[in-house]
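**Q** dropping the sequence and predicted coords here.
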Amino acid sequence: MDKILRIDMGAEAGPKVTEEPLGVYAGFGGRALTSAVVSKEVPPLCHPLGAENKLVIAPGLLSGTIASMSGRLSVGCKSPLTGGIKESNAGGQGAQVLARMGYAAIVLEGKPEKDDLYKIVINGDGVKISVDNSLRMLPNYDLVDRMKQQHGEKITCISIGPAGEMKMSAASIAVTDMELRPTRHAGRGGVGAVMGAKCVKVIVLDDTGMKMRAPKDPEKYKEANKRWVEGLKKHPVTGQGLPAYGTNVLTNVLNEAGGYPTYNFKQGRFDGASKISGETQAETETARGGLATHGCHRGCVIQCSGTFNDKDGHFLTKQPEYETVWSHGGQCGICDLDAIAQMDFMEDNYGLDTIEMGVALGVAMEGGLLKFGDAQGAIGLLEEVGKGTPVGRILGNGAAVTGKVFGVERVPVVKGQALPAYDPRAVQGIGVTYATSTMGADHTAGYAVATNILGVGGKVDPLKPEGQVELSRNLQIATAAIDATGMCLFIAFAVLDQPETFQALLDLLNAFYGLNLTADGVVTLGKTILTMERDFNAKAGFTSEHDRLPQFFKTEKVPPHNVVFEVKDEDLDKVFNW
């Protein structure tokens, strides 16, 4: 994994392919590499859909190895949704395959003058780029089926659906899972629209005959991975809760904590939560012949995914994630798991961020377009998005646009990006992360829920402002570093609670690269990434005034605790003081 593949889609004679060594980007992977390339090579004031923007697709530092949980893929660009730097993260097979093929990153740059649609095929014979307008407006499942017919069953696809082609700001990039289903998405920030602007429909990867990446010290690496897996399996969250009930195990937990945003963030508890909880979902999946425990890529030991079958026992979608269930459930007042699963499938198929779309639907309901709880009406609106009708294009460009069009005051966004499934008044630490993250509202940027609600890594009272800035700061630093390794973010539960598991992660990095990395080195890497991202955003026009939650979180008390967000603005401005 020592080279960058650059594809200039705007070259005069057609797309131009070059390979180059990592050079100044040596030592970076995943989010570190995507943010380094974007911050160094993309003009901060460029139009996100213009030729000057670049789409960077990068596996992590440990991807393509035997290390468990190392299959996360980072996708970076200037975001059409936020106007700032973006790293969007996906599971699936993409990172492992790209890394085994020797690529630290694919960089799509430039923009074709003509409106042709391109397919890129990368295998042992090299890179082949061809015009294929027959793929136009194909949804992701149909697209992948066609790629299987053309290129066999041993491929991985990175693709966009109709939303990406229409350059909607909520458009995602799909990555196929182990079953070759386009179920894993780099969802946040409109990265699919940037791929669409480059006129790339699909990247087909085939690593047939290519071996796992070899560490500098194989024995130490193997031994470190054994300790790593043991640590993950013995933690109650990564070894029990997530494998049994998936990420949706959080529904009952957050609802009980009063931090489950309901009816477009009007209240913190949803009466229908038990009907859409992880426990109910797992029971439903098992009863219908689906799976409540499943990995999204080879090498996953947490197994927090699953398969959701319809009432007739046929595959409908992958197990809907907690964020997806919430955004179409509590946010919209819907307590029908089958309807939520149907919407999850539609958004994967069209290529849409499930968080952004669910929040946009809730905002539209507040604006009077539908009544809260109208599941079939919500499905009908998603069909409009897939068709690209006027109302579909409004919704497909996210919650902020939807709120403006329908005259809604309570629009839960930061930097133009929708808030995920935790009310910042009842979970004040995540509110700090939402407000200050370089990515716009993003729970994964610094998952304070772990400490505020789950008691992982200590305990900070979720209802009080004290200690939240320090908590979010430390988690944002650690998360940026984890995103560089290619490790799944859920490893953080075990790493925060078990010093020996954190040491096993350090030992994996050291044995693979021949390093002497310490905890201080991890902190330095995280700070380096965040500094690059903050610098880009500042040059793009962001100020401290953008590091704020919407005003209603400070003035409207959320039941049942009847609290407001109390972290002061001057304290938010201290998050990045190091």
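**A** Yes, it's here.
**Q** which residues sit against whichever strand or helix holds Leu509?
**A** Following DSSP states H and E, one finds Leu509 within helix 499-513. Contact with helix 499-513 is made by 61-62, 65, 67, 213, 215-217, 220-221, 223-225, 227-228, 231-232, 235, 485, 487, 491, 494-496, 515-519, 522, as judged by Cβ atoms under 8 Å, 6 or more residues apart in numbering. (Each C-beta comes from the backbone N, C-alpha and C, glycine too.)
**Q** so which residue is dead centre in this protein?
**A** Asn89 (4.0 Å; Cα atoms, centre = their mean).
**Q** quick check: buried residues in the helix holding Leu509?
**A** Neighbour counts over helix 499-513 (16 or more other Cβ atoms under 10 Å) mark 501-512 as buried.
**Q** how far does the helix or strand that it is followed by sit from the chain's center?
**A** Remark: after helix 499-513, the chain's next helix or strand is helix 519-539, criterion DSSP H and E. Centroid separation between helix 519-539 and its chain, computed with Cα atoms, centre = their mean, to the nearest Å, is 19 Å.
**Q** next one: the next helix or strand after helix 519-539 to chain centre, how far?
**A** Reading on from helix 519-539 to the C-terminus, the next helix or strand found by DSSP H and E is helix 552-555. Its chain's C-alpha centre and that of helix 552-555 lie 27 Å apart, by Cα atoms, centre = their mean.
**Q** residues in contact with the helix or strand that helix 552-555 is followed by?
**A** Counting by DSSP H and E, the element after helix 552-555 in chain order, helix or strand, is helix 569-572. With contacts defined as Cβ under 8 Å, 6+ apart, helix 569-572 is touched by 432, 435-436, 465, 469, 544, 547-548.
**Q** widest-spaced pair of these?
**A** Longest distance between any two of those is 17.6 Å, between Pro465 and Ser544; criterion Cβ to Cβ.
**Q** and Tyr447, what is it in contact with?
**A** Contacts for Tyr447 (Cβ under 8 Å, 6+ apart) come out as 430, 433, 475, 479, 489, 492.
**Q** please list all residues in contact with the closest residue to Gly407 other than its chain neighbours.
**A** Excluding the flanking residues, the one nearest Gly407 by Cβ to Cβ, 6 or more residues apart in numbering is Gly367, at 6.3 Å. Each residue near Gly367 by Cβ under 8 Å, 6+ apart is listed here: 402-403, 405-408.
**Q** and Gly367, how far is that from Thr82?
**A** 22 Å (Cβ to Cβ, to the nearest Å).
**Q** need the pLDDT of Ala292.
**A** Note on Ala292: pLDDT of 89.
**Q** need the next SSE after whichever strand or helix holds it, C-terminal direction.
**A** Mapping Ala292 onto the secondary structure by DSSP H and E places it in strand 291-294. Downstream of strand 291-294, the first helix or strand assigned by DSSP H and E is strand 305-309.
**Q** from the chain's centre, how far out does the following helix or strand past that following strand sit?
**A** Downstream of strand 305-309, the next assigned helix or strand under DSSP H and E is strand 315-318. Computed by Cα atoms, centre = their mean, the chain-centroid distance of strand 315-318 equals 19 Å.
**Q** just the residues contacting strand 315-318, thanks.
**A** With Cβ under 8 Å, 6+ apart as the criterion, strand 315-318 contacts 177, 181, 183-184, 290, 294, 296, 305-310, 338, 341-342, 344-345, 348.
**Q** just the buried ones from the residues you listed?
**A** Among those, the ones that count as buried (16+ other Cβ under 10 Å) are 177, 181, 183-184, 290, 294, 296, 305-309, 341-342, 344-345, 348.
**Q** what about Asp145, how many residues nearby?
**A** Counted by other Cβ atoms under 10 Å, the residues lying close to Asp145 total 14.
**Q** same question for Ile334.
**A** For Ile334, using other Cβ under 10 Å, the count is 30.
**Q** which one is it nearest to, not counting chain neighbours?
**A** Distances taken as Cβ to Cβ, 6+ apart put Ala375 closest to Ile334, at 4.8 Å, once the chain neighbours are dropped.
**Q** need the contact list for the one you found.
**A** 334, 336, 339-340.
**Q** restricted to helices, list those residues.
**A** 339-340 (DSSP state H).
**Q** could you dump the contacts of Ala375 to TSV with distance to Gly458?
**A** Formatted as TSV, the contacts of Ala375 follow (distance: Cβ to Cβ, whole Å):
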residue	distance to Gly458
Ile334	35
Asp336	38
Ala339	39
Ile340	33
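**Q** most surrounded residue in the contacts of Ala375?
**A** Within the contacts of Ala375, neighbour counts (other Cβ under 10 Å) peak at Ile334, which reaches 30 neighbours.
**Q** how many neighbours does the closest residue to Ile340 other than its chain neighbours have?
**A** Sequence neighbours aside, His328 is the residue nearest to Ile340 in space, at 4.7 Å (criterion: Cβ to Cβ, 6+ apart). Number of residues near His328 (other Cβ under 10 Å) recorded here: 32.
**Q** wait, His328 sits on Gly358?
**A** Yes - counting by Cβ atoms under 8 Å, His328 touches Gly358, with 4.5 Å between them.
**Q** which residues do the two both contact?
**A** Joint contacts of His328 and Gly358 (Cβ under 8 Å, 6+ apart) are Met343.
**Q** ok, back up a step: list just the nearest of the buried residues of helix 499-513 to Val563.
**A** For these, the nearest to Val563 is Phe502 (33.2 Å; Cβ to Cβ).
**Q** about what we covered before: give me the buried entries from the contacts of helix 569-572.
**A** Counted by 16+ other Cβ under 10 Å, these give 432, 435-436, 465, 469, 547-548 as buried.
**Q** for these, which one is nearest Tyr422?
**A** Once Cβ to Cβ is applied, the member of the buried ones among the contacts of helix 569-572 that ends up nearest Tyr422 is Val432, at 11.7 Å.
**Q** hang on, the earlier thing: make TSV from the contacts of Ala375 and add pLDDT and distance to Tyr422 to it.
**A** Output for the contacts of Ala375, formatted as TSV (pLDDT from 0 to 100; distance: Cβ to Cβ, whole Å):
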residue	pLDDT	distance to Tyr422
Ile334	98	18
Asp336	98	22
Ala339	98	23
Ile340	98	18
